[in-house]
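>>> Next comes the sequence, and after it the predicted model I'd like to discuss.
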Amino acid sequence: MANFGPKDIKKLREMTEAGMMDCKNALKSSDGDMDKAVAWLRDQGMGAAAKKAGKTAAEGAITIKVEGNKAVIVEINSQTDFVAQNDKFQALLSTVVKHTFDNALADAESINSSEMKEESFAQYLSLQVATIGEKLVVRRSALIDADENTAVNGYVHSNLQNGVIIEAKCDSAKTAEAMTSTLKDVAMHAAAMSPSTLSYQDFDATFVADETKGRIVAIEKENEELVRLGKTPKNIPAYISMSQLTEEVLAEAKASLEAQLKAENKPEKIWDKIIPGKMARFISDNTTLDQEQCLLDQNFVMDDTKTVAEYIADKAKQAGGTAQITSFTRLEVGEGIEVAEEDFAAEVAAQMG
């Protein structure tokens, strides 16, 4: 006895836009399992959802939901930016982010394998593909579900192309509450400045070493051109990250500065007023990688006299406590997706051949 009926055939047809007999055969071959039936149609190249499965979805939008000490961020991809702006896609965003938030789903895998009311999420998404008319992918997601001593916030850019959720551990619930609006500002900073990680301590030593070599070669080549044009060449740093500035390196730098001051006949009694500033400049000149890629080490866009870490510490102090950013997630639509260039002429020729 078949494990499906006319209602199941009708539902599969609505989800995939495949023919009625194709849907019947799909359900028959999958013993009534709707997910397997969709996969069967896809494998056979039948139906709107199945045919769109091979398309590249590199456009789309980022959405977030933040309430109290909890936040989620989700990236949903579509094939075109036009579809990403229509009302049906926006409704999809709202439904998925609410589902993710309400069920505290930690990542995209959890979302895609979850259940929604009386159907699987995969079934729901397949129906959206048929309705919206493009391949849709819930590609990435992240969750922050913290305690009352943790400040949580987020930001999504007005064009929905990038967004951030962020958290900071605080000494008390009172400080966490006071820091919430500050975290919104830092999330906006992260959205604009694109840090890839939280701190230089996250860097792999091999990555830093390779990056150092690459930057030195690049500056050397640039300097050759500057010299040819009669311009001042750029300084070539020996280091690019705080992870390289060991106690020995810093001690050597300080000794070099003292020797320089001595050669300039600067009175030794004023060295302690000069050296801190010069050491700060040395560290700044030799931590360019951190400043580019590490959130805590970037100069805060709303007050570039402070790093993000310093700004957070100052704001927490003003609130009568302490706070430290412990994690953030920044997503940008389509990053890392390779889109194959379509040869339209070749496609037409192949169809005519």
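That came through, no problem. Being a predicted model, the structure only gives us computed values, none of them experimental. Numbers count the residues shown, from 1 in each chain.
>>> Scan this protein for its longest helix.
helix 205-228 (DSSP state H).
>>> what's that one packed up against?
helix 288-293 (3 or more CB pairs under 8 Å, 6 or more residues apart in numbering; DSSP states H and E). The C-beta positions use only the backbone N, C-alpha and C, and glycine is treated the same way.
>>> Could I get the contacting residues of residue 60?
Residue 60 sits next to 75, 76, 77, 78, 84, 136, 137, 139, 333, 334 when contact means CB atoms under 8 Å, 6 or more residues apart in numbering.
>>> The helix or strand where the third one lies packs against which elements?
Applying DSSP states H and E as the criterion places residue 77 in strand 70-78. Contacting strand 70-78 under the criterion 3+ CB pairs under 8 Å, 6+ apart are the following elements: strand 59-67, helix 87-102, helix 108-112, strand 137-145, strand 150-156, strand 162-170, strand 323-332.
>>> burial of residue 207, as a residue count?
By the measure other CB atoms under 10 Å, the count of residues near residue 207 is 13.
>>> Tell me the spacing between residue 148 and residue 180.
Relative to residue 180, residue 148 is positioned 12 Å away (criterion: CB to CB, to the nearest Å).
>>> meant to ask about residue 65, not that
When residue 65 is compared with residue 180 (using CB to CB), they lie 15 Å apart.
>>> Name the residue in those two with the higher neighbour count.
Taking neighbours as other CB under 10 Å, residue 65 and residue 180 compare with residue 65 leading, 19 against 16.
>>> Can you give me every residue that contacts the more buried one?
71, 72, 97, 98, 100, 101.
>>> how about 10 Å then?
Contact analysis of residue 65 by CB atoms under 10 Å, 6 or more residues apart in numbering lists 71-74, 94, 96-98, 100-102, 154, 156, 165.
>>> Neighbour-wise, which one of these leads?
Highest neighbour count within the contacts of residue 65, by other CB under 10 Å: residue 72, with 29 neighbours.
>>> so it bridges to which residues?
Beta bridges link residue 72 to residue 65, residue 143 when assigned by DSSP bridges.
>>> can you give me the strands in the stretch 251-353 of the chain?
299-300, 303-307, 323-332 (DSSP state E, counting those that start in this stretch).
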